[in-house]
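**Q** After the sequence you'll find the predicted model.
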Amino acid sequence: MGKDRHFLDQLLSRMTLEEKVGQLSLYSADVKLAGAETVNPALTFKAPESRFDDIRAGRVTGVFNGYGEDYVRSLQKIAVEQSRLGIPLIFGADVIHGFRTAFPVPLAEAASFEPELAERVAETAAAEAAAEGLHWTFAPGADLCRDARWGRVVESYGEDVLVASRFAAARVRGFQGGDLSDPRRLMATVKHFAAYGAAEAGLDYNTAEISRTTLIDHYLPPYRAAVDAGAGAVMTAFNDVDGVPASANRELLTGLLRDRWGFEGFVVSDYNSDFETVAHGLADSPREAARLCFLAGLDMCMQSGLYADHLPGLVASGEVEEGAVDRAVLRVLRAKQALGLFENPYRGLGRAFDPAPARALAREAARRCQVLLKNADGVLPLKAGMRVALIGPFAREHQHLNGAWAIFAANGLSVNLEEGFLAALGPDALVVEPGCGIAEPIAGGLDDAAAAARSADVVLLALGEGQHMSGESRSRSDIGLPPAQLDLARAVKQAGKPVVTLLRTGRPLAIPELAELSDALLVTWFLGAETGAAVADVVLGRAAPSGRLPMSFPRRVGQAPIYYARKPTGRPPQHPPGPFTARYIDVEPTPLYPFGYGLGYGRVEYGPTQVSVAELGWSETLSVSCELVETAGAAIEEVVQLYIRDVAASRIRPVRELKDFRKVAIAGGARVVVAFELQTADLRFAGEDGALIVEPGAFDVWVAPHAQAGVPARFVLLDRHGAEPPGVG
Ligand code: NOJ
């Protein structure tokens, strides 16, 4: 079969309306996944065999979350050999942080501040998944999120627009490469469009109550970056935006995505999100839901069967033009064509995939994501020859290593902490005690833990969240440590040995007491297949920690949402806090650990921020630089961050905005100058009518180790004087 456009037009001309609608109808594979938890409600699950007739009749465009030689080949064979037109199925899946090899969760990956690492990870995950017959991944998530109560922060890139944008784009490149027909690649899906991460009160599926300009300035750019990187599909969000559910939101799906951004791929609903516009109270019937979603620009239904049930009737009544259906179908067929499915519907199957390099990459990535928040008296890295007590509910377990969305990877195959430290230290230097469960005490557990602590030179305290505590529909109203774990930490502290806390989590936690009693605090997230090995690497100094926080850690849950790029108030908080200012009467307004924060085993002093000119011409480039000195005599990888503040603008601007970042290796005792470039286009923001504008005037600029550090330099952007406005849109 040919590869050209003509071929698709001809194919389309032979399709019945039912077959066309079939190309817009995606269903779950109805198979049990390897992961412990189900990932979607069992809505319209059918026995796999009963899908056979649907596939034979051309009523199915593809299936998701099924994989493997037997499954894919048998279904694909029915589609290509027994359906009237032989159109191949597309096989999709939630390959979010790895396929069989589990990689660190996205929030952890963001902590690396290395988009190029995320790109390599995505490429590897794609190759592993494609070798089992998959063509399409439901990733990257590009949902900016600032409320740690929301369970899906674990699969996000955190609170910052630039970090999220760079990572989302990098993962699209990693999944897709330059040629989608390469059988080692997957087509990417940007999700959940739009503003899913702005769920009010951190409650999953809740309304996204945000202003239009905050949407434009903060929430939309990560999706846009992924679209610009060439993502083949976009998935709509469950929430409404300004009163219209995203799956039926014409302004978003057509006005913005297609008309302004020029997106040419197809738009798929989230799981039943089209049908849920009835529950939202937008549509008064499923038929109306189908009409509204289709006319808004939603091409494909995931699982609901909404178009299958109602689109033919809507075309017959003239409420939907068949030409519009044709355009949607063509978008889907073009994706199948780009994937090379018409030439080789079995692409990827039978292809060998060597898991060893993937495991090595998983270990490298897991090392580079960990964030050291505290290291009193240089307790880390541990000195050679120390006797170690590894204590806590995550010391020996095998069910909470991978995190929420490695649904095809078995937790049992991942290296746990005990295994990692045993391999590194040998049995004589290690004693292991659980002390308590994740949420409940164990009889005698505190005594055993305290005894283990007394017998050792140092305690590694493995605490935090279980895998089931973050992820979809895992919002929490209390983001502290479960009381049983805090009791364990207190009991262990009594033993008087240095305490190194290894914090497993899928979100920022409010842990002031734990931070206080820990001598060292290392955020280890969910790191996947090589968890134990990679944590041992960092704790023992075989690798230095180089991650930084992609989300602020609050002191109390009541501060949520807390994020660094907040708008200034007219009564800023003061130190010490005074009355009639933006303060709480019971907690400091600042986070416990700010965005961008993290330590290494070396120490870096920042010199003053320097700007190349005090007055910047409209079309000129500003160089912003800073001299860094390593003062502890140990090599470090420092994440150097460039922030700005627009001092006065027609619409008030955040107290700081990250504009660039770079991970820089500095040798012990060395001095380096780090320079960034700023252009007028970097100073854009949404004006009154939503169009992006730049205003002349004063800007503060910092080169700093995190969002609360440093003393700014100032420059003034001069008037445009007739020059072209920057490329805005
Ligand atoms: C619902 C989730 O919101 C989405 O991210 C996922 O891709 C689908 N389920 C399919 O499993």
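**A** Arrived safely.
**Q** okay, CA-based contacts and neighbour counts for the rest of this
**A** OK.
**Q** Tell me, what's the model's pLDDT at the residue in the stretch 451-600 of the chain positioned nearest to the ligand?
**A** Nearest residue of the stretch 451-600 of the chain to the ligand, counting by C-alpha to the nearest ligand atom: residue 472, 6.8 Å away. Each residue has a pLDDT score; the one for residue 472 is 97.
**Q** same check, this time on residue 47
**A** 67.
**Q** distance between stretch 630-650 and the chain's centre?
**A** 23 Å (C-alpha atoms, centre = their mean, to the nearest Å).
**Q** So which bits of it are buried?
**A** Across stretch 630-650, burial judged by 16 or more other C-alpha atoms under 10 Å covers 630, 634-647.
**Q** could you give the mean pLDDT of that stretch?
**A** 98.
**Q** mind starting the numbering at 24 from now?
**A** OK, 24 is where the count begins now, so the last one is stretch 653-673.
**Q** That one spans what distance, first to last residue?
**A** 41 Å (C-alpha to C-alpha, to the nearest Å).
**Q** related to what we said a few turns ago, can you pull the contacts of the nearest residue to the residue of the stretch 474-623 of the chain closest to the ligand once chain neighbours are set aside?
**A** Spatial nearest neighbour of residue 495, chain neighbours left out: residue 175 (5.4 Å); criterion: C-alpha to C-alpha, 6 or more residues apart in numbering. The contact partners of residue 175, by C-alpha atoms under 8 Å, 6 or more residues apart in numbering, come to 220, 227, 493, 494, 495, 496, 497, 498.
**Q** The same query, at a cut-off of 7 Å, please.
**A** Taking C-alpha atoms under 7 Å, 6 or more residues apart in numbering, we find residue 175 in contact with 493, 494, 495.
**Q** Doesn't it belong to a strand?
**A** No: secondary structure assignment (DSSP: H, G, I helix; E, B strand; the rest coil) places residue 175 in helix, not in a strand.
**Q** Residue numbers of the stretch 174-323 of the chain in contact with the ligand?
**A** Within the stretch 174-323 of the chain, the positions near the ligand by C-alpha under 6 Å from any ligand atom are 293, 294.
**Q** Just want the most central residue of the protein.
**A** Taking C-alpha atoms, centre = their mean, the centroid of the chain lies closest to residue 179, which sits 2.3 Å from it.
**Q** how close does that one sit to residue 125?
**A** Residue 179 sits 16 Å away from residue 125, going by C-alpha to C-alpha.
**Q** Check residue 476 too.
**A** From residue 476 across to residue 125, the span is 32 Å (C-alpha to C-alpha).
**Q** ok, now residue 386?
**A** 10 Å.
**Q** Which of the two has more residues huddled nearby?
**A** The neighbour count for residue 386 versus residue 125, taken as other C-alpha atoms under 10 Å, is higher for residue 125 (32 against 23).
**Q** isn't that one right up against residue 427?
**A** No: using C-alpha atoms under 7 Å, residue 125 is not in contact with residue 427, being 10.5 Å away.
**Q** which strand residues sit across from the residue of the stretch 174-323 of the chain found nearest the ligand in the sheet?
**A** As assessed by C-alpha to the nearest ligand atom, the ligand sits closest to residue 294 within the stretch 174-323 of the chain, at 5.0 Å. Counting by DSSP bridges, residue 294 is bridged to residue 325.
**Q** number of nearby residues for it?
**A** Applying other C-alpha under 10 Å, I find that residue 294 has 22 neighbouring residues.
**Q** from memory it sits against residue 328, does it?
**A** No: using C-alpha under 7 Å, residue 294 makes no contact with residue 328, being 10.5 Å away.
**Q** Return the set of buried residues in stretch 204-216.
**A** 204-216.
**Q** just checking, residue 651 is part of a strand?
**A** Yes: counting by three-state DSSP, residue 651 is found in a strand.
**Q** Please report how far it lies from residue 695.
**A** Taking C-alpha to C-alpha, one finds residue 651 at 5 Å from residue 695.
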